[in-house]
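Q: please work out how this folds:
(chains A and B)
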Amino acid sequence: MFNYTIRRLLFAVPTLLVISFIIFIILDLAPNDPTGNLPLTIPPEVREKIRISLGLGEPLHIRYMKWLQQFFINEPLNLIEQWFNVTIGDSENRLRVQSWATRSPVVDLIVERMPQTLWVVGMSYVIGILIAVPIGVISAYKQYSLFDQIGTFISMVGFSVPTFFTGLLMIVIFSVTLGWLPSIYDTTHKVTDLPSLWFQIKQMLMPTMVLALFNAAQISRFMRASMLDNLSQDYVRTARAKGLKEKIVLLVHVLRNSLIPVVTVLALGVPQIFSGAIITEQIFRVNGLGQLLIIAIQGADIPTVQTLTFIFAVLIVLFNLIADILYGILDPRIRYE
Amino acid sequence: MNNPGVNAVSHDTIDTRHRSLWSDVWYQYRQHKGALIGTAVFLLILFTVLVGPFIHTIDPQLLDILDKNQGPSLKHPMGTDNLGRDTLAQVMAGGRVSLAVGITAMLLSLVLGTLIGVIAGFYKRLDGPLMRLTDLFLALPLLPLLLVIIMLFRDPLRSAFGPENGIFLLIVFIIGITSWMQTARIVRGDVLALKEREFVLASRSIGTPARRIISRHILPNVLSPIMVSATLGIANAIITESALSFLGLGFPSDYPTWGRLLYDGANFMTLTPERVIWPGLAISLTVLSVNYMGDGLRDALDPRIRGR
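A: Numbers count the residues shown, from 1 in each chain, chains lettered A, B, ... in the order given. Down below sits the predicted model:
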């Protein structure tokens, strides 16, 4: 297991390097000019100087190497300095990945936006799981019952209706018609006392529920299929035959075994949730990572786009790895040798 | 699987009617109620979108400023937008584009996925590299990359192929080349198993060239997973295209799709909620019906279920 983890980690490094290079190439091949939006009265030689000041004077491979150095060496060093209040080397003159639009380091922007996204995404995933697991268990236990059929239909609908439509529909119903919930997420809001906590819950309700319902639809399908696989196994009959209560058979024996594949599916789904958050954040005006990405793309802010896209790639590779390792740990029948 | 004689013997009487594989599949497909309703709804949507503009003849781009922001009426069954354009006409015109994008992108990704899957499964030497390529594509953050590619290549393509064809080609192309991976993996797995079967060995032993083994023996047998992933592919392509348009990076307002109509309507949600509800409902119904069709098709094409 340990060897397998090390091997997978070593394999992840070249994968990520290739992905970062692909992203870099795509951004570089694009026929656009970062000085294109500046006034036409700027003379060409000044324009050239602006390009050089943005770091575009060098050939492709040198710029790529510099980005790698900034992202993998300079930024981690900076984070360590901030966390432990120490100075390592010449930290004043260390080059950081700078956003073209705001002229501030991209990593600072990301750190600023991270909490909102993590709250919305994390809460929606937790709520989605909490809804999905009981539904999956009951629909598998009472297969083809009315509950199962309604559950199947609702999950099919939840799976098919895109989040941008459910989000807008919720705004039309709960904000426009009923006026219960705010349609725009207020990020500057601080939780100090009970009323402000209530406001925070109210404004988080719609963005998290939209994502949570979408997740629940998918997870409950997996849960049901996995429970059905296990319910027909011999050990379930044995457990019943030796006189265990049905509750214990279902919730201890079957549920624990059924959760193994579901846990890996959950780990695999985390990166998708982050991409889903791009859309949800756009609907509810949450200023998280997704919105930062959209603004950066619209403003052709290449370093921000490059860094953010790469972070999404890291998430995918990381959670694939976690899913595989979790499967090996949870299921002793799986041996990676 | 291709032997109708085995199935023809039923329990008590011998059925002498001729039964082919596809009639069996169709019989099983009809047993799936959801799939039948899904097919009906999908055909209805297709029919409305294709024939509707000849019945409801208002030009979707006709500006009628005096009739702006109207609710539903006889003249405008779905109301009008902030420039007085008829919403029903726009939804039908947008549906043509959305469905065209969905079907073309699905075909592209299917061809790519089948090609890569068959080659990787059949030729052992190419298996490793092609599967690493598939893994790499699966590890790419697709939505951010799609957004970036569209943003960067939209204008050059629009000037090269004209504003409408340019964006259509771009979107179909990028959805196609970023969604073939699942098909390739499934097809490869099936081809790997089929390759070891006796009938392939037999045809190899009489000297059939590889490409004819693939086209005569392998491809017909991997048709069912391909057909199932085709339906899922349409649903996926329509959702992706709407998501891109919804983020303002897909089709432009003057050449709208359902996603773009939703995006434009979102700003007038308080005034005319119909502008959000109808295009959104169209997307949701199409995807739902296609998913049900895929569900039914999966059951119908699975010989283990079909016998029962």
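
Q: what about A:T177, how many residues close to it?
A: When neighbours are counted by other Cβ atoms under 10 Å in any protein chain shown, A:T177 registers 11. Any C-beta I mention is one placed from the backbone N, CA and C, and that applies to glycine too.

Q: ugh, wrong one, A:G299
A: 17.

Q: how close does it get to chain B?
A: Going from A:G299 to chain B by Cβ to the nearest Cβ, to the nearest Å gives 10 Å.

Q: cool, and A:A217?
A: 11 Å.

Q: longest helix of chain B?
A: In chain B, with assignment by DSSP state H, the single longest helix is helix B:87-122.

Q: what's the angle from the helix or strand following it to helix B:87-122?
A: As assigned by DSSP states H and E, the chain's next helix or strand after helix B:87-122 is helix B:124-139. Per axes from the mean of the first three to the mean of the last three Cα atoms, to 10 degrees, the angle that helix B:124-139 makes with helix B:87-122 is 140 degrees.

Q: packing partners of the helix or strand following helix B:124-139?
A: Later in the chain than helix B:124-139, the nearest helix or strand by DSSP H and E is helix B:142-161. Secondary-structure packing of helix B:142-161 (3 or more Cβ pairs under 8 Å, 6 or more residues apart in numbering or on different chains; DSSP states H and E): helix A:2-29, helix A:255-284, helix A:289-298, helix A:302-330, helix B:163-177, helix B:223-246.

Q: got the residues of the stretch 101-250 of chain B near chain A?
A: B:135-136, B:138-145, B:147-149, B:151-153, B:155-156, B:235, B:239, B:242-243, B:246-249 (Cβ under 8 Å from any Cβ of the partner chain).

Q: related to what we said a few turns ago, let's have the helices and strands packed on helix B:142-161 in a markdown table, adding mean pLDDT and mean neighbour count.
A: Listed next are the helices and strands packed on helix B:142-161 as a markdown table, based on pLDDT from 0 to 100; neighbours: other Cβ atoms under 10 Å in any protein chain shown:
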| stretch | mean pLDDT | mean neighbour count |
| --- | --- | --- |
| helix A:2-29 | 84 | 14 |
| helix A:255-284 | 85 | 20 |
| helix A:289-298 | 85 | 23 |
| helix A:302-330 | 86 | 20 |
| helix B:163-177 | 87 | 19 |
| helix B:223-246 | 88 | 23 |
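
Q: re earlier: other SSEs contacting the longest helix of chain B?
A: Looks like helix B:87-122 contacts helix B:33-55, helix B:124-139, helix B:163-177, helix B:181-195, helix B:223-246, helix B:258-266, helix B:274-301 (3+ Cβ pairs under 8 Å, 6+ apart).

Q: rewinding a little: right, so of the helices and strands packed on helix B:142-161, which gets closest to A:F159?
A: Nearest to A:F159 among those is helix B:223-246 (9.4 Å), distances taken as Cβ to Cβ.

Q: what's the angle from that closest one to helix B:274-301?
A: Going by the same axes, to 10 degrees, helix B:223-246 makes 170 degrees with helix B:274-301.

Q: ok, residues contacting stretch A:190-204?
A: A:W119, A:V120, A:M123, A:W180, A:L181, A:P182, A:Y185, A:D186, A:H189 (Cβ atoms under 8 Å, 6 or more residues apart in numbering or on different chains).

Q: now with 6 Å?
A: A:L181, A:P182, A:Y185 (Cβ atoms under 6 Å, 6 or more residues apart in numbering or on different chains).

Q: how much space separates the first one from A:G128?
A: Distance, A:L181 to A:G128, by Cβ to Cβ, to the nearest Å: 19 Å.

Q: more crowded one of those two?
A: Taking other Cβ under 10 Å, A:L181 and A:G128 do not tie; A:G128 has more neighbours (26 against 17).

Q: for chain B, what is the nearest residue in the stretch 201-337 of chain A?
A: For the stretch 201-337 of chain A and chain B, the shortest gap (Cβ to the nearest Cβ) falls at A:F312, measuring 3.4 Å.

Q: among the helices and strands packed on helix B:87-122, which is the most enclosed?
A: Highest mean neighbour count among those (mean count of other Cβ atoms under 10 Å in any protein chain shown): helix B:258-266, with a mean of 26.

Q: can I get the CA coordinates of that one in CSV?
A: Only the C-alpha atoms of helix B:258-266 are listed here, as CSV (Å, rounded to 0.1, in the frame of the first residue of the first chain):
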residue,chain,number,x,y,z
TRP,B,258,-31.3,28.0,-24.9
GLY,B,259,-28.4,28.6,-22.6
ARG,B,260,-27.9,32.1,-24.0
LEU,B,261,-31.6,32.9,-23.7
LEU,B,262,-31.4,31.9,-20.1
TYR,B,263,-28.4,34.1,-19.6
ASP,B,264,-30.0,37.1,-21.2
GLY,B,265,-33.3,36.5,-19.4
ALA,B,266,-31.6,36.2,-16.0
